[in-house]
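Colleague: Model the following, please.
(one chain, ligands or ions: 1)
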Amino acid sequence: MTVRPNDQRDQLEALYAEMGPSGLTPLWESLHALVTPEPVSPALPWRWSFGEVRDFLMRAGDIISAEQAERRVLIMENPGIPRQSAITPSLYAGLQLILPGEVAPCHRHAQNALRFVMEGSGAFTALDGEKAVMEPFDLVLTPAGQWHDHGNQTDQPMIWLDGLDIPTVRLFDASFAERLDVAAHPESALAGDTLSRYGRNMRPLRGSAADRRPANRPLFHYRYAEWRPVLDSLSSSAPVDPHLGHALEFLNPADGGAVLSTISAHVRNIPAGFETRPRRSTDGTVFVVVEGEGILLLDGREITLAPRDIVVVPSWTRHQFQARSTLVMFAYSDKASQEKLDLYREQLL
Ligand code: GTQ
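Modeller: Predicted structure coming up:
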């Protein structure tokens, strides 16, 4: 049978229109967009300046309380994937404000979360009733299923970045959440108790009364006061990695793996004047500038970097960092998920 191209198009369109209501659609119209030879992310490279987000957050703070909002957060939404509360297709990022005297009520959920402190000193995140007193550039984890509340008993606003796997949990349709019937979890241990029991290459004998934390995930507070000297000592004693700069990953001591089951996190130091070689990886990554100035080069675009900027590099985007002054950054990505699913790849160029 010979069918003229225009007739064929008409016949196909008529066929699609008829099958649509039956929940059917032809693969041949979308195969090449579905099974791509390499990642084609809908996410865009993007930068948020802390000062700009902070101004909007403070204005929100004049209008709505943390208690009323439950979490007073401005979501950093990737303009390439609008209305999905996603900074990459799998990850969420927001900036959370807690004003003096406020509490963000206790809840727990299936989503994993990390907090990276941007401003303020001395407010807390409590995990299962143990406070982590937060200082600038501390990393605090609130893993899936663990009760957490936040409070600020200082006289200054406190702002941190929330990194969660909300889009991942949504992909799997596996969200559960519940609120505790009191705003703050009863205090279960003194602040710092977990670090002293589990953070010294020891742990209370498994099963003993002192063994408070889940066996597979004991630590939840990675302090700037600790990670920064380690990064400095690495930087002065090891050759700089051409693609990464000096890079240190945060670990879960129970298994040597990533800090959360879905999210990996690391810090970097790129020496003043250094330019990293081009690299790309399948884990779209969120970077927070802790210190220094520089430029992020991506596919011919330039994004300038200043302290407390937040930038996202989508999956498989070739990029390089140029450090004008010593560039210290925190980063998180879904590498932990991708490694479990045998999806992770990187390419050094
Ligand atoms: O603090 O538990 O930014 O559940 C978004 C969802 C923070 C939190 C967010 C959350 C939280």
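Colleague: Contacts for stretch 15-33 next, please.
Modeller: Outside stretch 15-33, the residues that touch it by C-beta atoms under 8 Å, 6 or more residues apart in numbering are 12, 34. All C-beta atoms are positioned from the backbone trio N, CA, C, and that covers glycine.
Colleague: pLDDT on it, on average?
Modeller: On average, the pLDDT along stretch 15-33 is 97.
Colleague: Now do it: distance from first to last residue.
Modeller: This stretch, stretch 15-33, spans 21 Å end to end (C-alpha to C-alpha, to the nearest Å).
Colleague: Can you list the buried residues in it?
Modeller: Neighbour counts using 16 or more other C-beta atoms under 10 Å place no residue of stretch 15-33 among the buried ones.
Colleague: Show me the helices in the stretch 1-150 of the chain, by range?
Modeller: 5-19, 31-34, 50-63, 66-69 (DSSP state H, counting those that start in this stretch).
Colleague: Which among those is found nearest to the ligand?
Modeller: The ligand lies closest to helix 66-69 among the helices of the stretch 1-150 of the chain, at 10.2 Å (C-beta to the nearest ligand atom).
Colleague: and the closest one, what other elements does it pack with?
Modeller: strand 103-109 (3 or more C-beta pairs under 8 Å, 6 or more residues apart in numbering; DSSP states H and E).
Colleague: what's the strand it packs on in contact with?
Modeller: By C-beta under 8 Å, 6+ apart, the surrounding residues in contact with strand 103-109 are 66-67, 70-72, 96, 98, 126, 144-152, 175-180, 182-185.
Colleague: Make CSV out of the helices of the stretch 1-150 of the chain and add distance to the ligand.
Modeller: Putting the helices of the stretch 1-150 of the chain into CSV (distance: least, C-beta to the nearest ligand atom, whole Å) gives the following:
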stretch, distance to the ligand
helix 5-19, 39
helix 31-34, 30
helix 50-63, 12
helix 66-69, 10
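Colleague: Could you dump those helices into TSV with distance to residue 251 added?
Modeller: Compiled in TSV, the helices of the stretch 1-150 of the chain are given as follows (distance: least, C-beta to C-beta, whole Å):
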stretch	distance to residue 251
helix 5-19	51
helix 31-34	36
helix 50-63	27
helix 66-69	32
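Colleague: so what's residue 348 up against?
Modeller: Listed by C-beta under 8 Å, 6+ apart, the contact set of residue 348 reads 243, 277, 279.
Colleague: Low-confidence stretches in the stretch 1-150 of the chain?
Modeller: The stretch 1-150 of the chain contains residues with pLDDT under 70 at 1-3.
Colleague: Near the ligand, which residues of the stretch 1-150 of the chain are found?
Modeller: Taking C-beta under 6 Å from any ligand atom, the part of the stretch 1-150 of the chain that reaches the ligand is made up of 71, 73, 94, 96, 109, 113.
Colleague: check contacts around residue 315.
Modeller: So residue 315 contacts 39, 41, 43, 88, 89, 281, 282, 283, 284 (C-beta under 8 Å, 6+ apart).
Colleague: From those residues, list just the buried residues.
Modeller: Buried by 16+ other C-beta under 10 Å: 41, 43, 88, 89, 281, 282, 283, 284, out of the contacts of residue 315.
Colleague: quick one: the third one and residue 80 touch, right?
Modeller: Looking back up the chat, that one is residue 88. No - using C-beta atoms under 8 Å, residue 88 is not in contact with residue 80; the gap is 9.6 Å.
Colleague: Common neighbours of these two, please.
Modeller: 41, 43, 314.
Colleague: Can you tell me which of those residues is nearest residue 296?
Modeller: Minimum distance to residue 296 across the shared contacts of residue 88 and residue 80 is 12.3 Å, recorded for residue 314 (C-beta to C-beta).
Colleague: Which residue would you name as the spatial centre of the chain?
Modeller: For the chain, the residue nearest the mean C-alpha position is residue 163 (3.4 Å; C-alpha atoms, centre = their mean).
Colleague: ok, what's across the strand from it?
Modeller: residue 93, residue 114 (DSSP bridges).
Colleague: Any residues of the stretch 151-300 of the chain in contact with the ligand? List them.
Modeller: 162, 164.
Colleague: how about the closest residue to the ligand within the stretch 151-300 of the chain, what does it touch?
Modeller: Of all residues in the stretch 151-300 of the chain, residue 162 sits closest to the ligand, at 3.4 Å by C-beta to the nearest ligand atom. Residues in contact with residue 162, defined by C-beta under 8 Å, 6+ apart, are 71, 73, 92, 93, 94, 95, 96, 113, 114, 115.
Colleague: and the fifth one, how far is that from residue 143?
Modeller: If I follow you right, that is residue 94. Distance from residue 94 to residue 143, counting by C-beta to C-beta, to the nearest Å: 18 Å.
Colleague: can you tell me which of the contacts of residue 348 are in helices?
Modeller: Applying DSSP state H to those, no entry is found in helices.
Colleague: Could you tell me which of those residues belong to strands?
Modeller: Applying DSSP state E to these, the entries found in strands are residue 279.
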